[in-house]
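[1] Let's see this in three dimensions:
(chains A and B)
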Amino acid sequence: GNSVTQMEGPVTLSEEAFLTINCTYTATGYPSLFWYVQYPGEGLQLLLKATKADDKGSNKGFEATYRKETTSFHLEKGSVQVSDSAVYFCALSANSGGSNYKLTFGKGTLLTVNP
Amino acid sequence: GAGVSQSPSNKVTEKGKDVELRCDPISGHTALYWYRQSLGQGLEFLIYFQGNSAPDKSGLPSDRFSAERTGGSVSTLTIQRTQQEDSAVYLCASSGRGQDSYNEQFFGPGTRLTVL
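    Numbering: from 1, shown residues only, chains lettered A, B, ... in the order given. Model prediction:
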């Protein structure tokens, strides 16, 4: 079956530090890959996505590249801000019949950025 | 436009009672998903609806859980004879305004269920 393994937190950084959150996956076929973010007190929001190998998803200064050879989709940001403090979820979807793209999530990584 | 809405936002119930959780998807979205977020299990898929097709119920944890979607829009997740391990945040998501958009899901704020 499909699975996602992501770096367990919590991760604590100072403002302007470099961020990497590792994510690897196991899936049959060619999944789409996602990073979702959950800010304190808010719902899950799509941060970025990539739908095929070597695609790079980017948004709000965050980037992740779909690496088929290493089955990875690591999240990076060059300079984090206090407002980036949130829980980050790596996820994949693979068509499991018709248009069912149910998401398989990693456990989530709590990021805290201190001023 | 309006996003996915869920009600109630919080529900506290006693063990053994039945509960109903409601989801209003984004207008025009034909696919609807329910997930559960709990401390022990993370985010888990529960059930999927697409148009008039039979739902994919493969993620429902027991026969106490059921869901329906009326008129291809609003969905209700029902948990019968609730147990303490059912305490979690129940998330609804919808997708699919076009053939290429089915794999991007938009989530509601969730319903936090507490079973005493």
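
[2] ok, the spatially most central residue of chain B to residue A:76 distance?
    Most central in chain B under Cα atoms, centre = their mean is residue B:34, positioned 3.1 Å from the mean C-alpha point. Distance of residue B:34 to residue A:76, given as Cβ to Cβ, to the nearest Å: 32 Å. Every C-beta, even on glycine, is put in place using the N, C-alpha and C of the backbone.

[3] ok, now residue B:33?
    From residue B:33 across to residue A:76, the span is 28 Å (Cβ to Cβ).

[4] Which of these two has more residues huddled nearby?
    Legend: neighbour count by other Cβ atoms under 10 Å in any protein chain shown for residue B:33 and residue A:76, higher for residue B:33 (26 against 15).

[5] roughly how far apart are the more buried one and chain A?
    For residue B:33, the distance to chain A equals 6 Å [Cβ to the nearest Cβ, to the nearest Å].

[6] Nearest residue to that residue in space, please, no chain neighbours.
    The shortest distance from residue B:33 to any non-neighbouring residue, by Cβ to Cβ, 6 or more residues apart in numbering or on different chains, is to residue B:93 (4.5 Å).

[7] which residues touch that neighbour?
    Going by Cβ atoms under 8 Å, 6 or more residues apart in numbering or on different chains, residue B:93 touches A:44, A:103, B:4, B:32-35, B:105-108.

[8] How many neighbouring residues does residue A:60 have?
    Applying other Cβ under 10 Å, we find 12 other residues in the vicinity of residue A:60.

[9] What pLDDT is listed against it?
    Looking at residue A:60, its pLDDT stands at 95.

[10] ditto for residue B:51
    pLDDT, residue B:51: 82.

[11] Next, count neighbours for it.
    12.

[12] For it, list the residues it contacts.
    Residues in contact with residue B:51 (Cβ under 8 Å, 6+ apart) are B:30, B:72.

[13] and with 6 Å instead?
    residue B:30 (Cβ atoms under 6 Å, 6 or more residues apart in numbering or on different chains).

[14] of all the contacts of residue B:93, which two lie farthest apart?
    A:44 and B:32 (15.1 Å; Cβ to Cβ).

[15] ok, back up a step: and the contacts of residue B:93 as TSV, adding secondary structure and pLDDT?
    Listed next are the contacts of residue B:93 as TSV, based on DSSP: H, G, I helix; E, B strand; the rest coil; pLDDT from 0 to 100:
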residue	secondary structure	pLDDT
A:44	strand	92
A:103	strand	92
B:4	coil	94
B:32	strand	94
B:33	strand	95
B:34	strand	97
B:35	strand	97
B:105	coil	89
B:106	strand	91
B:107	strand	94
B:108	coil	94
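
[16] Make CSV from the residues you listed and add distance to residue A:69 to it.
    What follows is these, written out as CSV (distance: Cβ to Cβ, whole Å):
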residue, distance to residue A:69
A:44, 29
A:103, 23
B:4, 36
B:32, 35
B:33, 30
B:34, 34
B:35, 30
B:105, 27
B:106, 31
B:107, 31
B:108, 36
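
[17] Could you point out the member of the residues you listed that lies closest to residue B:63?
    Comparing the contacts of residue B:93 against residue B:63 with Cβ to Cβ places residue B:34 closest, at 15.7 Å.

[18] Perfect, I'm done here.
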